[in-house]
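Participant: build me a model from this:
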Amino acid sequence: MTERQTAPAAEGAPESKETKARERSDRGPRNVDTGTERPQPQARKEKDRPWLMRTYAGHSTAEASNELYRRNLAKGQTGLSVAFDLPTQTGYDPDHILARGEVGRVGVPVSHLGDMRRLFQDIPLEQMNTSMTINATAMWLLALYQVVAEEQGGKDVVTRLQGTTQNDIVKEYLSRGTHVFPPGPSLRLTTDMITYTVNHIPKWNPINICSYHLQEAGATPVQEISYAMSTAIAVLDAVRDSGQVPADRFGEVVARISFFVNAGVRFIEEMCKMRAFGRIWDQVTRERYGIENEKQRRFRYGVQVNSLGLTEAQPENNVQRIVLEMLAVTLSKDARARAVQLPAWNEALGLPRPWDQQWSLRIQQVLAHESDLLEYEDIFAGSHVVETKVDALVTECLAEIERIQAMGGAMAAVESGYLKSQLVSSHAERRARIEAGDEKIVGVNIFQSTEENPLTADLDTAIMTVDPANEAKVVAKLHEWRDNRDESRAQETLAALKATAAGDGNLFAATLECARAGVTTGEWSWALRDVFGEFRAPTGVSSAPVAVTAEAGTPMALVREKVTRTADELGSGRLRLLVGKPGLDGHSNGAEQIAVRARDAGFEVVYQGIRLTPEQIVDAALAEDVHCVGLSILSGSHAELVPDVLDRLREAGAQDIPVIVGGIIPNADAVELKRAGVAAVFTPKDFGITEIIGRIVDEIRKANKLDPLEVPA
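Facilitator: Sure, this is the predicted structure:
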């Protein structure tokens, strides 16, 4: 018995005032209005099992990524989350022209079965829970994964495989840009994969309806929920209507649908969002699909907290942002994530090092294993604040879902451009609030003074870099693989794949045979491109409303005057700006916001969307006779692609056109780009878009030897 413990009073003995007071205190606070005791959260007899803890990882080569995975598992990570590079995600082999500069940059290149074997060497897949962030080529990567698992543990191992393929193509059209095929064929690939896994890999989640990137593209909580739910409805309707799953087993399909969401820094709103998600999912699956089994209707989701919300300015502040965002999806038991992966504090600077990823893993482990969080029931149950917010979200979301259904559903809303234009508009409004100071970001537009940061004292070692020679090695191994395979068998399986695609059979069996025959990622994708065609999604720029007004004396009014006066001096009618996205980086949010704001400032904007070669960008710049070329790259391929654009402009005699670059660009790289001829480099710390547009005008004037222009306030 410790000093702070007291023996209970003897039975029947009178209680002292001190004892009564202590017992009142132990019972908890009383309700001020009624005097009744409020029910208090009670500790559970057994702690809940922690959520799956993952780190989104992969880089350079399959061998390097395998080493990283095994190290992370040894540190206590309980699941794997595979980051694939952009060529793999968009269906190109490493030797394709569009893959140049992108191989191994933002993830691991997986070109064929040999790469997948090396990626998971000495990692028993039947014991893993593996998440694969892959969408357009999801069927292909799951087929490779299945074949490797069979090689490890025999044919029966597939029934024990656990994990998730993201496989949500709608959000690729809207925000992330790794789509390949048109909406109809893409939905067919998703449908075929879902029905295959339900019948053959029953513990696998074949799709992760993904609202994560919608938030990063500017979605409000209502849009995030509504667009994700509309996608889920489109997918479930397609599976139901395909006839590949008997009606009495449709509950198994619903039970394997999972979601991947974003958690921003607005803690209360994010937590309420997850409760609203669960309530709407329960209603949709019960009422629309007649699922009576409560377990099958459970809203199952994983989360990564907001990466693009992390700041380059004062990056140490990202640690507390990550913690707050994690709490929004873990504190509430009734809306707790099933799996969590956290970004690293320095992701706005470049590729995190293993130590940075370890720090993020330890954040999860401290909460799960040192705190008492998992010992209690839902600590927000009964909160009138939470219930009111959740009710409001549910009402607004159901109305927006109904609006989308009236358009013909999510796929029709993608093709019409409605969803994309809504996101671009929401993002523009948010950026305007940040620039006006109405939405505050510590270290960016408030509390900007800072001490020297020891974490970033040497930026060259504060992030990890990928060896530029890596790409050539990966390409050489690809050629070696092709040379040593049974070529006739590979071509036969590709022909069978195309024949199946031209018909209406399930594509997974033919895809498996391609994987076993040594077909490559690019070959699989091109076979389907030949049948399905490709798709360029609407940009949403032209239909976005004005977000920043040009009232007299405002920064936008001053920039508009600079644009007008410069155009008049050049005698060109209007200034013309080309906004280009070279390479495979599909994160177009920044490019879109520059395009919208430049348009509002009086520029004529040329923006053709994502996935362009340097040659295409230069051809467009010459054809449109632009005054400036702006390139946006977040994938790290700037060192390869930007100099190529500069060289091509020089060869065409257009070296006087200033080129500016924006993206996640380390300081050392920015110096090299300027030395190569880039006029200006903008990174995430340059949050003022109107100011950026003004600086673009300054560079145009400098390139055309016009005097600096000072516009009076």
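
Participant: all contacts plus neighbour counts: C-alpha atoms, from now on.
Facilitator: OK.

Participant: for the stretch 351-500 of the chain, which segments count as helices?
Facilitator: Remark: helices assigned in the stretch 351-500 of the chain by DSSP state H, counting those that start in this stretch are 354-370, 384-406, 410-416, 418-436, 459-462, 470-484, 487-502.

Participant: next, the buried residues of the second one.
Facilitator: By 16 or more other Cα atoms under 10 Å, the buried positions in helix 384-406 come out as Val386, Glu387, Lys389, Val390, Leu393, Val394, Cys397, Leu398, Glu400, Ile401, Ile404, Gln405.

Participant: and the helices of the stretch 351-500 of the chain: which comes nearest Arg288?
Facilitator: helix 384-406 (12.5 Å; Cα to Cα).

Participant: elements contacting that closest one?
Facilitator: helix 221-242, helix 267-287 (3 or more Cα pairs under 8 Å, 6 or more residues apart in numbering; DSSP states H and E).

Participant: quick revisit: and the buried residues of helix 384-406 as a markdown table, adding pLDDT and distance to Ser572?
Facilitator: What follows is the buried residues of helix 384-406, written out as a markdown table (pLDDT from 0 to 100; distance: Cα to Cα, whole Å):
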| residue | pLDDT | distance to Ser572 |
| --- | --- | --- |
| Val386 | 96 | 57 |
| Glu387 | 97 | 58 |
| Lys389 | 97 | 53 |
| Val390 | 97 | 54 |
| Leu393 | 98 | 49 |
| Val394 | 98 | 51 |
| Cys397 | 98 | 47 |
| Leu398 | 98 | 49 |
| Glu400 | 98 | 44 |
| Ile401 | 98 | 46 |
| Ile404 | 97 | 43 |
| Gln405 | 97 | 46 |
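
Participant: out of the helices and strands packed on helix 384-406, which one sits most buried?
Facilitator: Highest mean neighbour count of these: helix 221-242, a mean of 22 (counted as mean count of other Cα atoms under 10 Å).

Participant: how far off centre is that one?
Facilitator: 18 Å (Cα atoms, centre = their mean, to the nearest Å).

Participant: quick check: next helix or strand after it?
Facilitator: For helix 221-242, the succeeding helix or strand toward the C-terminus, using DSSP states H and E, is helix 250-255.

Participant: can I get that following helix in PDB, CA atoms only?
Facilitator: Output in PDB follows, covering the C-alpha atoms of helix 250-255 (Å, rounded to 0.1, in the frame of the first residue of the first chain):
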ATOM      1  CA  PHE A 250     -22.300  -9.200 -52.600                       C
ATOM      2  CA  GLY A 251     -21.800  -8.600 -48.900                       C
ATOM      3  CA  GLU A 252     -18.300 -10.100 -49.300                       C
ATOM      4  CA  VAL A 253     -17.500  -7.400 -51.900                       C
ATOM      5  CA  VAL A 254     -18.700  -4.600 -49.600                       C
ATOM      6  CA  ALA A 255     -16.700  -6.000 -46.700                       C
END
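
Participant: state the mean pLDDT of it.
Facilitator: Mean pLDDT, helix 250-255: 97.

Participant: strands paired with the following helix or strand past it, and their directions?
Facilitator: Sequence order places strand 257-263 as the next helix or strand after helix 250-255, per DSSP H and E. Take DSSP bridges as the rule and strand 257-263 pairs in its sheet with strand 207-210 (parallel), strand 301-305 (parallel).

Participant: how about TSV for these, with mean neighbour count and mean pLDDT added?
Facilitator: Converted to TSV, the strands paired with strand 257-263 look like this (neighbours: other Cα atoms under 10 Å; pLDDT from 0 to 100):
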stretch	mean neighbour count	mean pLDDT
strand 207-210	27	94
strand 301-305	24	92
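
Participant: Leu80: which of the ones you listed is closest?
Facilitator: strand 301-305 (12.6 Å).

Participant: what are the buried residues along whichever helix or strand comes after the closest one?
Facilitator: Using DSSP H and E, the helix or strand that follows strand 301-305 towards the C-terminus is helix 317-328. The neighbour-count check on helix 317-328 (16+ other Cα under 10 Å) flags Asn317, Asn318, Val319, Arg321, Ile322, Val323, Leu324, Glu325, Met326, Leu327, Ala328 as buried.

Participant: sec struct for Gly101, please.
Facilitator: Taken by DSSP: H, G, I helix; E, B strand; the rest coil, the conformation at Gly101 corresponds to coil.

Participant: find the nearest non-adjacent residue to it, please.
Facilitator: Taking Cα to Cα, 6 or more residues apart in numbering as the measure, Gly101 lies nearest to Ser637, with 4.7 Å between them; neighbours along the chain are not counted.

Participant: over to Val148?
Facilitator: Arg117 (5.9 Å).

Participant: would you quantify the distance from the one you found to Trp140?
Facilitator: 14 Å (Cα to Cα, to the nearest Å).

Participant: among the buried residues of helix 317-328, which pair sits farthest apart?
Facilitator: The widest separation within those (Cα to Cα) is 17.5 Å, between Asn317 and Ala328.

Participant: tell me which element the spatially most central residue of the chain is part of?
Facilitator: Note on the chain: the residue nearest the mean C-alpha position is His213, at 4.1 Å, using Cα atoms, centre = their mean. Element membership for His213 (DSSP H and E) is helix 212-216.

Participant: packing partners for that helix?
Facilitator: By 3+ Cα pairs under 8 Å, 6+ apart, helix 212-216 packs against helix 221-242, strand 257-263.
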